[in-house]
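Chemist: Just a sequence and a predicted model for now, questions to come.
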Amino acid sequence: MNDKELREIRERCNAATPGPWHWADMEKGVKQLQGAVRYPAMCPVLVPYVCPACAERGAECLGPCPADAKFIKHARMDIPKLLDEIERLQSGREWISVKDGLPKAPGAYFVSVHTNLGKIRTMVCFYDPQYKRPWNMPHYYPMPTHWMPLPEPPEEDNDA
């Protein structure tokens, strides 16, 4: 998921009616999905929310307002993307013991080192398995006990 996709999802979310949303019984058995706000702040009574687009027209929202319809339309695609992104971010953020394996490719990695003074140091270190000492780090540090990949660099934003 790139920055543009996240920005678009955030814009749809911010434009949609505040929640929580609920179904309201209207005339002749019709149900209407309404957003709600607490008014006044200390009162738990939910009141209908009129979206800015309908307020401009001086109309009441009889169906989802355009911003809510767009939010609902994209939710089925946005939520799985967001869940995949959360899973990706969480999976790349776990320390890997060097006993469980080493990086598959040369490159820069976060490493954790237990110093002779009993302290744990975290640093960025270059790894290349072709060398006798594959972790390129100061000689006075012991070899890392754990490592993890660095995050991906930011994508270039051509919209900015």
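Modeler: Looks like it arrived, so ask away. Residues are numbered from 1 along each chain as shown.

Chemist: CA atoms for contacts and neighbours, from now on please.
Modeler: Noted.

Chemist: Which segments of this protein make up each domain?
Modeler: Domains of the chain are assigned by automatic domain parsing as 3-91, 96-149.

Chemist: JSON lines for those domains, including mean pLDDT?
Modeler: Formatted as JSON lines, the domains of the chain follow (pLDDT from 0 to 100):
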{"stretch": "domain 3-91", "mean pLDDT": "72"}
{"stretch": "domain 96-149", "mean pLDDT": "89"}
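
Chemist: Same list (these) but as CSV, adding distance to residue 156 and mean neighbour count.
Modeler: Below are these laid out as CSV (distance: least, Cα to Cα, whole Å; neighbours: other Cα atoms under 10 Å):
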stretch, distance to residue 156, mean neighbour count
domain 3-91, 9, 14
domain 96-149, 21, 14
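
Chemist: would a markdown table of the ones you listed with distance to residue 155 be doable?
Modeler: Shown next, in a markdown table, are the domains of the chain (distance: least, Cα to Cα, whole Å):
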| stretch | distance to residue 155 |
| --- | --- |
| domain 3-91 | 7 |
| domain 96-149 | 17 |
